[in-house]
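K.L.:
Structure for the following, please:
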Amino acid sequence: MIDVNLFFYVGIFLAIVGSLATAWGPGVKDPIIRTFNTEVASIGVCLVLLTYNHVLALLTLLATTVVITFLFCLEQLFV
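P.N.:
Have a look, this model is predicted:
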């Protein structure tokens, strides 16, 4: 059986690493890499929330994916 604490600690690590990559990511011009940087942080947050509630983790993943996609589409329109 997988320990629930493993999800929590891996989620914290991914959220920190993803946040740092997103902070340094604006220097990257490739939109795919910038999307991956933000998705790593969102998956980390979802893993942390997964230790508490499965529905909460799924809704967070869906909401962050929609918001990130919308922001990148807006950015492409104004560039």
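
K.L.:
Just the pLDDT for residue 56.
P.N.:
Here the pLDDT value assigned to residue 56 is 76.

K.L.:
right, and it touches residue 49 too?
P.N.:
Yes. Here residue 56 lies in contact with residue 49, judged by C-beta atoms under 8 Å, at a distance of 4.8 Å. No exception for glycine: its C-beta is placed from N, CA and C like everyone else's.

K.L.:
Looking only at neighbour counts, state which of these two leads.
P.N.:
Relative neighbour count places residue 49 above the other of residue 56 and residue 49, with 20 against 12, counting by other C-beta atoms under 10 Å.

K.L.:
host element of that one?
P.N.:
Element membership for residue 49 (DSSP states H and E) is helix 31-50.

K.L.:
Which neighbouring elements make contact with that helix?
P.N.:
Other helices and strands packing on helix 31-50, by 3 or more C-beta pairs under 8 Å, 6 or more residues apart in numbering; DSSP states H and E, are helix 4-24, helix 54-78.
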